[in-house]
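Q: attaching a predicted model along with its sequence, questions to come.
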Amino acid sequence: MAYKKLYKYLLIIFGWFFVTLGIIGIFVPLMPTTIFFILAAASFARSSEKFYNWLINHPKFGKFIKDYREKRGIPLKSKVIAVSMLIVTIGSSAYFFTERILVRIILVIIAFCISAYIVSLRTIKETDSALNEAD
């Protein structure tokens, strides 16, 4: 029983940590935002109905989280931005910040795998997303 409470509190802490990173990502160039809110929603979904409902109904962040969780997809614009930022950040890290070939290869593999996942997600048309907002 004590483990369940501890697990719940840890998930709430992680959820707020991810919300904080998501908010920082709004203001810091090249730092992702949406993925942190999705991680926060996943943490809150398992720990706090109150915080989960607050997050998915938030006027700014809620739309992206709902699209991902309910439709398992993201808009094309978000895909392009996410993959572009991924290539720029991991590419620059591999090129400028390490001289070890193994580290460069690992970074490129990570970038490729994450990019493939993002591209594989269903592409949601902006109109689909907007129609659900009106419901």
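A: All right, it came through fine. Numbering: from 1, shown residues only.

Q: got the residue ranges for the strands in the chain?
A: For the chain, applying DSSP state E gives strands covering 73-75, 122-124.

Q: can you put those strands in CSV and add mean pLDDT and mean neighbour count?
A: (Glycine included, C-beta is placed from N, CA and C.) CSV is the format used below for the strands of the chain (pLDDT from 0 to 100; neighbours: other Cβ atoms under 10 Å):
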stretch, mean pLDDT, mean neighbour count
strand 73-75, 81, 19
strand 122-124, 85, 14
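
Q: between those strands, which one is closest to residue 9.
A: Between residue 9 and the strands of the chain, the tightest spacing by Cβ to Cβ is seen for strand 73-75, at 30.4 Å.

Q: could you say what helices and strands that closest one packs with?
A: On a contact count with 3 or more Cβ pairs under 8 Å, 6 or more residues apart in numbering; DSSP states H and E, strand 73-75 meets helix 62-71, strand 122-124.

Q: any idea how far the closest residue in space to residue 61 that isn't next to it in sequence lies from residue 105?
A: The spatially closest residue to residue 61, leaving aside those adjacent along the chain, is residue 37, at 4.8 Å (Cβ to Cβ, 6 or more residues apart in numbering). Taken as Cβ to Cβ, to the nearest Å, the spacing of residue 37 relative to residue 105 amounts to 31 Å.

Q: how about residue 44?
A: The separation that residue 44 has from residue 105, given Cβ to Cβ, amounts to 36 Å.

Q: more neighbours: which of those two?
A: More neighbours sit around residue 44 than around the other of residue 44 and residue 105, counting by other Cβ atoms under 10 Å; the figures are 25 against 11.

Q: which one is the more buried one nearest to, not counting chain neighbours?
A: Spatially, and ignoring its direct neighbours in sequence, residue 44 is nearest to residue 52 (3.8 Å; Cβ to Cβ, 6+ apart).

Q: alright, calling it a day.
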